[in-house]
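Chemist: would you be able to build a 3D model of this:
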Amino acid sequence: MALPFKSGFMAFTFLIFRCTLLAFGQITQPTSAPTSEQQLSGSISGTILDRTGAVISGARIQLTRADQSPARETLSGTDGQFSFSNVARGPFQLTITSAGFAAQTSSGTLQVGEVHVVPPITLAIAQADTEVQVSLTPTEIAQEEIRDEEKQRVLKVIPNFYVSYVPNAAPLNPKQKFELAWKTFTDPFSFVVIGAVAGVEQAQNNFAGYGQGASGYGKRYGASYGDFLAGTLIGSAILPSILKQDPRYFYKGTGGKRSRFLYALANAVICKGDSGRWQPNYSSILGSLAAGGISNLYYPAEDRNGAKLTFENAAIGIGTTGVFNVFEEFVVRKFVLKTSNQDPAKH
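Modeler: So this is what the prediction gives:
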């Protein structure tokens, strides 16, 4: 046992006294003989590195043995080294773990009294679990929106397909624009409305050249449907596909009444491009002019008047669109059933 000497003089005095006692046989020098277990035990040591060869400090090393003895643990030092002493001979396994690294194992067999140094243990960086989120493409989002729009009917009867209640709706591709157009001019309600228009025209004897009776009514019906078909197909499908414009009306629903009213009227001559930016509605305007020009092919000669009828029909089409937009903004919404108020991209 070491004594807590406070000066060299005290140490010197103690040594003289000890030697005197030894000389006279009063004390004997203690001897320590290693136990059988200590003679049989050995040690295991090593170094923990990363793939760059840098040492890893603080790695947890667990020592387990085949004889089911309790596991032992230690941590690697700042130099990456670790050591287990007084390890009984036999098979052993080391399990090394460290934050950010994949677990690693090393095994071997310790011989009697052996100082076993395992080869440097290199830890690999743990693979990060990557969460894959499956999201819809813009085309798929637009298709979901179209499905909602095709269910929109005022009072369950009147189709309201060309109105989007999603302000940031995905742009339509050409196929989807034609799909909406086809859905519109083949809808049963469209045939009913055109029939009513033809009846009013016959009652007022508009386009007298068509005559009266079933034949006159059929011609008026055909002319009205031709206007509707040409206007929808050209202005809502063909030109929007070519000019990359969206044929739908985007419900505003916010702001003062005046700003909403002006917004609705303006949407007769402006529209959203497929890029999401507002621009002149060339599709609707040129579509109305094209439909008016085509109508000269089947209206009575005395009612054609060339360019006059063309621009007259175009102006009527633009004005009608503005009026309908105002109704859409202030009236129609509350009567539309099966309207989706959610953005499909957030489903």
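Chemist: and the residue nearest the centre of the chain, which of the three is it?
Modeler: Here the mean C-alpha position of the chain is nearest to the C-alpha of S135 (CA atoms, centre = their mean), at a distance of 4.6 Å. Assigned state for S135: coil (three-state reduction, DSSP: H, G, I helix; E, B strand; the rest coil).
Chemist: cool, and K151?
Modeler: Classification of K151 by three-state DSSP places it in coil.
Chemist: pLDDT value on it, please?
Modeler: Here the pLDDT value assigned to K151 is 89.
Chemist: what segments of the stretch 51-200 of the chain are strands?
Modeler: Assigned by DSSP state E, counting those that start in this stretch, the strands in the stretch 51-200 of the chain fall at 60-65, 72-75, 81-87, 90-97, 104-110, 115-117, 121-123, 153-154, 158-159, 163-164.
Chemist: pick the most deeply packed of those strands.
Modeler: Highest mean neighbour count among these (mean count of other CB atoms under 10 Å): strand 163-164, with a mean of 22. For glycine as for every other residue, the C-beta is placed from the backbone atoms N, C-alpha and C.
Chemist: gap between the residue nearest to the centre of the chain and I141?
Modeler: For S135, the distance to I141 equals 9 Å [CB to CB, to the nearest Å].
Chemist: mind checking the longest helix of the protein?
Modeler: Across the chain, the longest stretch assigned as helix under DSSP state H is helix 307-330.
Chemist: run through the neighbouring helices and strands of it.
Modeler: helix 257-266, helix 282-295 (3 or more CB pairs under 8 Å, 6 or more residues apart in numbering; DSSP states H and E).
Chemist: of those helices, flag the one that's most buried.
Modeler: Highest mean neighbour count among those (mean count of other CB under 10 Å): helix 282-295, a mean of 21.
Chemist: that one: how far from the chain's middle?
Modeler: Distance of helix 282-295 from the chain centroid (CA atoms, centre = their mean, to the nearest Å) equals 40 Å.
Chemist: between it and helix 307-330, what angle do the directions make?
Modeler: Helix 282-295 runs at 140 degrees relative to helix 307-330, counting by axes from the mean of the first three to the mean of the last three CA atoms, to 10 degrees.
Chemist: what comes up buried for the next helix or strand after helix 282-295?
Modeler: For helix 282-295, the following helix or strand on the C-terminal side (DSSP states H and E) is helix 301-304. For helix 301-304, a neighbour-count test (16 or more other CB atoms under 10 Å) marks 303-304 as buried.
Chemist: and stretch 237-247, by the same measure?
Modeler: 237-241, 243, 245-247.
Chemist: so which pair among these is furthest apart in space?
Modeler: I238 and D246 (14.1 Å; CB to CB).
Chemist: stretch 239-259: end-to-end distance?
Modeler: End-to-end distance for stretch 239-259, by CA to CA, to the nearest Å: 29 Å.
Chemist: now stretch 123-139
Modeler: 46 Å.
Chemist: and P240, which of the three is it?
Modeler: Per three-state DSSP, P240 ends up helix.
Chemist: next, count neighbours for P138.
Modeler: Counted with other CB atoms under 10 Å, the neighbours of P138 add up to 13.
Chemist: from memory it sits against A169, does it?
Modeler: No: counting by CB atoms under 8 Å, P138 sits too far from A169 to count as a contact (10.1 Å).
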